[in-house]
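Colleague: I'd like to go over a predicted model; first the sequence, then the structure.
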Amino acid sequence: MKSQLGAALFALVIGGCADLSSSSGGDAPACSPLSAVSALETIMTASNVLPVTVGSHYINEITVSVTVCEPGTTTCQVIPKVLLDTGSNGLRLFSCSTSLNLPAQTAAGKSVAECVSYADGTSHWGAVKLADVVMGAEKASNIPIQIINPSFGTAPSSCTHLEGNPLKTGYNGILGVGLISEDCPQCVASIGTLPAYYECTGATCNASTMATNKQVVNPVARMPINNNGLILTLPAVGNSGVSTTSGTLTLGIGTASGNNTPTGAPTVLPADGNINFQTTFNSINYTASFIDSGSNALYFPSSSLVASCNISGYTFYCPASPTTLSATQKGFAGAPTKVVPFSIT
């Protein structure tokens, strides 16, 4: 859809538990990394502040650069154009985006692999490895990350529409910085109907439960100081739009002089175990609302308030003139509330 990108200050507090979600893309088994770090991504403004770029490959795509190292060494690589995704958890890099020799995560003497399924039907399959992840001047040491590789072992049949090529997806990996630490709390006790974790011997991989300390983890939650959340700040953009812009990702909330909450009392919306809160729009209450920076549009149901049109096989809202609407966001239990105005152009 077409939507105004207004000035935004978005804070996430890490905690609780939830399922995986979000992202976009399509099938592509070959793997070719994207280009080097863009100018917009190279200037770090403070030790816990990272620059982000919006629209570097496709519209409204938010990317950041992440430094990954072999654990306990200075052998590192800067991975550019990593999708910043508040709707999932954990760092996931396409295999061709890094040449580091990262040790395998193991469980019961077997290599650990994971299948991550997204709401758009695509999946990421590959081995879980151990790495030091550096963001700003902080390092999360020896944490599990996923190396996305459709050719690793034998991908399970339930892991469908595998992505494997950054040139197809538009990013070299995904930095999942959602509301929880590990990416699959329910996997500790249950394999589930759509298994996430696997134990592999050679090319044979079997679904398995997975202990918390073996799972892919949100790197922010493992930072030594600024580890209780993040703030994503984006500039105001007019109705005519721009091809690209930049913003900042600040680690921590209220842990340093540069990450204090905005002046005045902010509205904190508690989320449920599935990282959902409530939204009332057009007199209808939606109990499974969430904020997902990995999606590149503002998604909401409206069959009568805004005219729609078809562009390249996709349905967008296309009003004849800018249309201002509003929604009321609420915590998962119904309080507190916050009215959020937005404009469709």
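Modeller: Yes, it's here. Remember, predicted model here, so these are calculated numbers, not experimental data.
Colleague: hey, where'd the strands end up in the stretch 101-250 of the chain?
Modeller: 106-107, 110-117, 123-135, 138-148, 173-177, 197-201, 204-207, 229-234, 245-251 (DSSP state E, counting those that start in this stretch).
Colleague: which of those sits most buried?
Modeller: The highest mean neighbour count among the strands of the stretch 101-250 of the chain, using mean count of other Cβ atoms under 10 Å, belongs to strand 173-177: a mean of 30. (C-beta placed from N, C-alpha, C; glycine too.)
Colleague: what does that strand contact?
Modeller: The contact list for strand 173-177, computed with Cβ atoms under 8 Å, 6 or more residues apart in numbering, reads 12, 23, 64, 66, 79, 82-94, 97, 124, 148, 166, 183, 218-220, 230, 294.
Colleague: Let's see which of the residues you listed end up in strands.
Modeller: 12, 64, 66, 79, 82-85, 89-94, 124, 148, 230 (DSSP state E).
Colleague: mind listing what's buried in stretch 204-217?
Modeller: 205, 207, 208, 209, 210, 214, 215, 216, 217 (16 or more other Cβ atoms under 10 Å).
Colleague: Pick out the residue nearest the middle of this protein.
Modeller: For the chain, residue 85 is the residue whose C-alpha lies nearest the centre (Cα atoms, centre = their mean; 1.6 Å).
Colleague: So it versus residue 269, what's the distance?
Modeller: Between residue 85 and residue 269 the computed distance is 19 Å (Cβ to Cβ, to the nearest Å).
Colleague: do residue 345 as well
Modeller: Taking Cβ to Cβ, one finds residue 345 at 26 Å from residue 269.
Colleague: more neighbours, those two?
Modeller: Counted by other Cβ atoms under 10 Å, residue 345 and residue 269 do not tie: residue 269 has more neighbours, with 19 against 16.
Colleague: neighbours around the closest residue to the residue nearest to the centre of the chain other than its chain neighbours, how many?
Modeller: Of all residues not flanking residue 85 in the chain, residue 294 sits nearest, at 3.2 Å (Cβ to Cβ, 6 or more residues apart in numbering). Neighbours of residue 294 under the rule other Cβ under 10 Å: 24.
Colleague: I'd guessed residue 294 sits against residue 88; true?
Modeller: Yes: using Cβ atoms under 8 Å, residue 294 is in contact with residue 88, at 6.6 Å.
Colleague: ok, what's across the strand from the residue nearest to the centre of the chain?
Modeller: In this structure, residue 85 bridges to residue 176 when assessed by DSSP bridges.
Colleague: I'd say it and residue 296 touch.
Modeller: No: look at residue 85 against residue 296 with Cβ under 8 Å: they stay out of range, at 10.9 Å.
Colleague: So, low pLDDT: which residues of the stretch 1-150 of the chain?
Modeller: Scanning the stretch 1-150 of the chain for pLDDT under 70 picks out the ranges 1-29, 35-46.
Colleague: What of the stretch 201-345 of the chain?
Modeller: 262-265, 303.
Colleague: swap the cut-off to 90 and go again
Modeller: Along the stretch 201-345 of the chain, segments meeting pLDDT under 90 span 229, 233-234, 236-245, 253-276, 282, 289-325, 342-345.
Colleague: and stretch 52-66, how far apart are its ends?
Modeller: 11 Å (Cα to Cα, to the nearest Å).
Colleague: Could I get the buried residue list for that stretch?
Modeller: 52, 53, 54, 55, 56, 57, 61, 62, 63, 64, 65, 66.
Colleague: Might you calculate how far that stretch sits from the centre of the chain?
Modeller: 12 Å (Cα atoms, centre = their mean, to the nearest Å).
Colleague: Could you do stretch 83-98 as well?
Modeller: So, by Cα atoms, centre = their mean, the centroid of stretch 83-98 is 7 Å from its chain's centroid.
Colleague: ranges for the helices of this structure?
Modeller: All helices of the chain, identified by DSSP state H, fall at 166-169.
Colleague: Excluding residues flanking it in the chain, which one is nearest residue 99?
Modeller: For residue 99, the closest residue by Cβ to Cβ, 6+ apart turns out to be residue 77, at 7.0 Å.
Colleague: Same check on residue 129?
Modeller: residue 102 (3.9 Å).
Colleague: ok, the residue nearest to residue 99 to residue 32 distance?
Modeller: Separation of residue 77 from residue 32 (Cβ to Cβ): 16 Å.
Colleague: and if you look at residue 206?
Modeller: For residue 206, the distance to residue 32 - Cβ to Cβ - is 31 Å.
Colleague: Just give me the neighbour total for residue 30.
Modeller: Residue 30, neighbours per other Cβ under 10 Å, totals 11.
Colleague: I'd like the distance between it and residue 96.
Modeller: Residue 30 is 9 Å from residue 96, where distance means Cβ to Cβ.
Colleague: can you tell me how far the closest residue to residue 172 other than its chain neighbours sits from residue 316?
Modeller: Closest residue in space to residue 172, ignoring its immediate chain neighbours: residue 97 at 3.9 Å, by Cβ to Cβ, 6+ apart. Separation of residue 97 from residue 316 (Cβ to Cβ) stands at 31 Å.
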